[in-house]
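Asks: Sequence below, structure please.
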Amino acid sequence: ALFGLWRSYVVGRTLNDTHSVALKLRHIAEQRQETELHVVADYTSGFTALCMGKLHDARTCLENSIASYLPTQNRSNIYRAAQDPGVACRGYLAIAEWLLGYPDRAHRHVQESVALAEKIEDRFSLAYALCYVGAIVCEVCAADTETLVERGLEIATKDGYNLWVVYGSVQRANLHFKKLGSDSALTALRDSIDAVLSIGVYLNTPYFMTLLAKAYQRTGKMSQGLRTLDDAQQSIEARGENWWEAEIHRLRGEILLSRSPDDSEDAEACFHQALDISRSQDARSLELRAATSLARLWQQQGRRDDANRRLKDCCTWFTEGFDTTDLKEASALVRELS
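Replies: Numbering: from 1, shown residues only. Model (predicted):
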């Protein structure tokens, strides 16, 4: 019952409330010393921590859950309440690793999540891995999102997994907008996000809102983009889902610059705020994005040495992911500034 309560809380209640339920699950697991309960306790604690932006705590808990999990346990009643914990933990660990600055690890964990769902023949968990975590990791890495999403949507639609249908539909609409850039594609993206919210699921609202804000920016609708980011920030303040907060501030700065060069001072403040938040979370991938945005602005202002130093320091930390769009763009800018 507590696991079901946690699942309802994580999508619709505050993360503090969700964390309290996860702590109760951990207390029960420690009392009863059953492996399945420990898997669930680490799973719920890990995903809650991820949503709150506590990335190292999330990684530790999710890795512990994976270490305790055995595919032969998948017939346990507590596992069958939702997506398989072994599949889910690998998926959420992929997001955590990307945020922490390890995109190659993130891709491997997505592949492992999908492979496990296939191995245990769990179509619900497979649709989850494809439409949700796999799609997010591929989208942020600018990788092949479409293949995962279309496969996941085919399974989710055929089997009636409505949550994964609406999640996958957001990513499909975002892909269509990136290809077309039209007002009709933008409307479809907005409607797909509204469909998620209409069923009372607020998990990932900040992330989805940034997809919409970028679409508004591309179509020249800067005021709508800024209002969308206001909605994203309000969602964070209401629920405490902080993992994507740095990107909201960075994108606000980018839209302000797109609106008018006269907004450069406010934009710079947004980039600094994004840097502060990403550093406090040790979210290296979001720090790289914020540093790149700030370096571009400083380049335009003639502060080439400052821009080069700030961005180079950030780039040299990375040990993998050199074929990702973010690192390619940042490295190219460093070379241009040198």
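
Asks: contacts and neighbour counts: CA atoms only from here.
Replies: OK.

Asks: what pLDDT does Arg80 get?
Replies: Note on Arg80: pLDDT of 65.

Asks: how near is Gly160 to Val170?
Replies: Gly160 is 17 Å from Val170, where distance means C-alpha to C-alpha, to the nearest Å.

Asks: More neighbours: the two, which one.
Replies: Ranked by neighbour count (other C-alpha atoms under 10 Å), Gly160 and Val170 place Val170 first, with 28 against 13.

Asks: and that one, what does it touch?
Replies: With contacts defined as C-alpha atoms under 8 Å, 6 or more residues apart in numbering, Val170 is in contact with Leu189, Ser192, Ile193, Phe208.

Asks: Sort out which of those residues are buried, if you could.
Replies: The neighbour count (16 or more other C-alpha atoms under 10 Å) marks Leu189, Ser192, Ile193, Phe208 as buried among these.

Asks: And the strands in the stretch 51-200 of the chain?
Replies: Using DSSP state E, counting those that start in this stretch, the stretch 51-200 of the chain contains no strands.

Asks: burial of the residue nearest to Leu211 when sequence neighbours are not counted, as a residue count?
Replies: Once flanking residues are discounted, Leu211 sits nearest to Asn174: 7.1 Å by C-alpha to C-alpha, 6 or more residues apart in numbering. Applying other C-alpha under 10 Å, we find 25 residues neighbouring Asn174.

Asks: Please apply the same query to Thr325.
Replies: Neighbour number of Thr325 under other C-alpha under 10 Å is 14.

Asks: wouldn't it be in contact with Cys138 here?
Replies: No - the criterion here is C-alpha atoms under 8 Å, and Thr325 misses it with Cys138 at 11.2 Å.

Asks: Buried residues, stretch 257-274. List them.
Replies: Of the residues in stretch 257-274, Leu257, Ser258, Arg259, Ser264, Ala267, Glu268, Cys270, Phe271, His272, Gln273, Ala274 count as buried by neighbour count, 16+ other C-alpha under 10 Å.

Asks: Report pLDDT for Ala143.
Replies: Ala143 carries a pLDDT value of 81.

Asks: which phi and psi does it have?
Replies: With angles defined as degrees, to the nearest 10, Ala143 sits at phi -100, psi -170.

Asks: begin at 177 from here
Replies: With the count now opening at 177, the last piece we talked about shows up as Ala319.

Asks: For it, which residues are in contact?
Replies: Ala319 makes contact with Thr500 under the criterion C-alpha under 8 Å, 6+ apart.

Asks: got a list of contacts for stretch 282-295?
Replies: Outside of stretch 282-295, the residues within contact range by C-alpha under 8 Å, 6+ apart are 260, 262-267, 269-274, 299, 301-302, 305-306, 309-310, 313-314.

Asks: Nothing else from me, thank you.
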